[in-house]
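>>> Based on what follows, work out the 3D shape:
(one chain, ligands or ions: 1)
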Amino acid sequence: QLRSMMSTSAALKVTQDSDSISDVDWDNLGFKTRETDQMFIMKCDTDGEWHRGQLEPFGLLEVSPSAGVLNYGQGIFEGLKAYRTTDGRSLLFRPEENAKRMIFGAERMCMPAPSVDTFVDAVKQTVLANKRWVPPVGKGSLYVRPLLIGTGPVLGLSKSPEYTFLVYAAPVGDYFKEGPAPIHLKVESMYSRAVHGGTGGVKTICNYAPVLKAQLTAKKEGFTDVLYLDALERKYLEEVSSCNIFIVKDNVIATPEAKGCVLPGITRKCILELAQSLGYKVEERKVDVDELMDADEAFCTGTAVVVSPVGSVTHRGTRVLFSNSGVKRVSSIFYKFLTDLQMGRTADTRGWTTEV
Ligand code: COI
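I've put the predicted structure just below:
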């Protein structure tokens, strides 16, 4: 019902072209936040009904100091990208999958969620309103960040009486400082990311700050990021701080099953499908860390990281180097396949892209 109230043809305040932004170094975007033009905001009151959402100039939020999200972490988020195509269109990649994952996560976090249509429409409006921030072809993408947060005041531990659904966007390049080059992972031996019955399988904000400690330590030691094992036996792979992990051995591609402790990544889902269609045997199962140390190849997947080859893994003081033989890597096949599709360079026979 909300969809009829919103429209992608809503009056947009921004009409400039990408070349009218003079102070952005498109060649060195990195992955950082930037103030863009507009954000989308929609609120849900105590009655559980969503009010009409709208675009507003990008800016600060006004929330109560006792907002549920600030005090008790009641919040989830999503991440998706819009790419500019050579013929000037902007393409989103599987936005309805993000919408469905938000609904799933909202249920776990006791929050009302926008419908799939409302979510996708809000994302499209945000991309259109920030179109001049979609990087030129080949320079990166517009990263879209939908947030669902408890903004109503609470003091005792309880559900927030009001929620805000917000979508903002920023132009980004490579996530890791290595760019498209292989990354170096440390297998974490002290901290855990998730436990059975916890929230590791949903994209709640509560999963991310707790990994900073391990990540910062690993970075100081020269690693790119941290790979977490299961909290119980410290034996099976779970995920890297911001992405899923795959291993390749002979013709088999395996990744940890997304059953509660591992986020069901959308890029992960695409890779599982693509790998199968390319003739690989695909396995979603428990993956022993020893298998990783013995693999032919390993790579990470995620919206932000896309498909990142792993150059080395260090576990209990042992470092395994993976061969970096360029185009022969399975990860580079997937990277090319996905990004060609996302940038509209190849025909989309799967219906994964959505034009904005
Ligand atoms: C993404 O890949 O979109 C994420 O949300 C991960 C985040 C830590 C950047």
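>>> Could you list the buried residues of stretch 132-149?
Within stretch 132-149, the residues that qualify as buried are 132-135, 139-149, counting by 16 or more other Cβ atoms under 10 Å. For every residue, glycine as well, the C-beta is placed using N, CA and C.
>>> Oops, could you answer that again for stretch 53-68 instead?
G53, Q54, L55, F58, V63, A67, G68.
>>> Endpoint to endpoint, stretch 57-71 covers what distance?
End-to-end span of stretch 57-71 (Cα to Cα, to the nearest Å): 26 Å.
>>> Now do the contacts for the residue in the chain that the ligand sits nearest to.
Sorted by distance to the ligand under Cβ to the nearest ligand atom, the residues of the chain start with G79, at 2.4 Å. The contact partners of G79, by Cβ atoms under 8 Å, 6 or more residues apart in numbering, come to N98, Y143, V144, R145, T303, A304.
>>> again with V252
Y280, K281, V282, E283.
>>> The third one: helix or strand, and which one exactly?
Under the assignment given by DSSP states H and E, the secondary-structure element containing V282 is strand 281-285.
>>> for S192, same thing?
With DSSP H and E as the test, S192 turns up in no helix or strand.
>>> number of nearby residues for it?
19 (other Cβ atoms under 10 Å).
>>> Just confirm it contacts E233, I think it does.
No. The pair S192 / E233 is not scored as a contact, 11.2 Å apart, by Cβ atoms under 8 Å.
>>> For the residue sitting furthest away from the middle of the chain, which three-state class applies?
The outermost residue of the chain relative to its centre, with distances by Cα atoms, centre = their mean, is G156 at 31.6 Å. Following DSSP: H, G, I helix; E, B strand; the rest coil, G156 is assigned to coil.
>>> Up against the ligand, what does the stretch 201-350 of the chain have?
S242, G302, T303, A304 (Cβ under 6 Å from any ligand atom).
>>> again, only using 8 Å
Residues of the stretch 201-350 of the chain that fall close to the ligand, judged by Cβ under 8 Å from any ligand atom: K203, Y208, S241, S242, C243, G265, T267, G302, T303, A304, V305.
>>> Provide a list of residues in contact with the nearest residue to R193 once chain neighbours are set aside.
Nearest residue to R193, sequence neighbours excluded (Cβ to Cβ, 6 or more residues apart in numbering): Y228, at 4.0 Å. If you count contacts by Cβ under 8 Å, 6+ apart, Y228 has them with E188, Y191, S192, R193, A194, V211, A214, L237, E238, E239, V240, S241.
>>> any idea whether Y228 is helix, strand or coil?
strand.
>>> State the pLDDT value of it.
Looking at Y228, its pLDDT is 98.
>>> All further residue positions should be reported with the first residue as 655.
Noted, 655 is the first residue going forward, which turns the last one into Y882.
>>> Where does the prediction get shaky in this structure?
Within the chain, the stretches with pLDDT under 70 are 655-674, 676, 978-981.
>>> let's see 90
Scanning the chain for pLDDT under 90 picks out the ranges 655-677, 699-702, 740-742, 834, 977-983.
>>> Show me the helices in it, by range?
Using DSSP state H, the helices of the chain run over 656-659, 722-726, 749-762, 770-783, 866-874, 920-931, 943-947, 984-996.
>>> tell me the most buried of these?
helix 770-783 (a mean of 23; mean count of other Cβ atoms under 10 Å).
>>> other SSEs contacting it?
helix 656-659, strand 692-698, strand 708-711, strand 744-747, helix 749-762, strand 795-804, strand 817-826 (3 or more Cβ pairs under 8 Å, 6 or more residues apart in numbering; DSSP states H and E).
>>> and the stretch 705-854 of the chain, which residues reach the ligand?
Applying Cβ under 8 Å from any ligand atom, we find that the stretch 705-854 of the chain lies next to the ligand at F731, E732, G733, L734, Y797, R799, Y829.
>>> Let's see that with 5 Å instead.
G733 (Cβ under 5 Å from any ligand atom).
>>> quick one: buried residues of stretch 806-825?
Going by neighbour count (16+ other Cβ under 10 Å), the buried part of stretch 806-825 is 806-808, 813-814, 816-825.
>>> Where neighbours are concerned, which of the contacts of Y882 has the most?
E893 (27 neighbours).
>>> Quick check: closest non-adjacent residue to that one.
Per Cβ to Cβ, 6+ apart, closest to E893 is V916, 5.3 Å.
>>> residues touching that neighbour, list them.
Counting by Cβ under 8 Å, 6+ apart, V916 makes contact with A848, G854, G855, E892, E893, N898, P910.
>>> give me that answer again for 7 Å
Going by Cβ atoms under 7 Å, 6 or more residues apart in numbering, V916 touches G854, G855, E892, E893, N898, P910.
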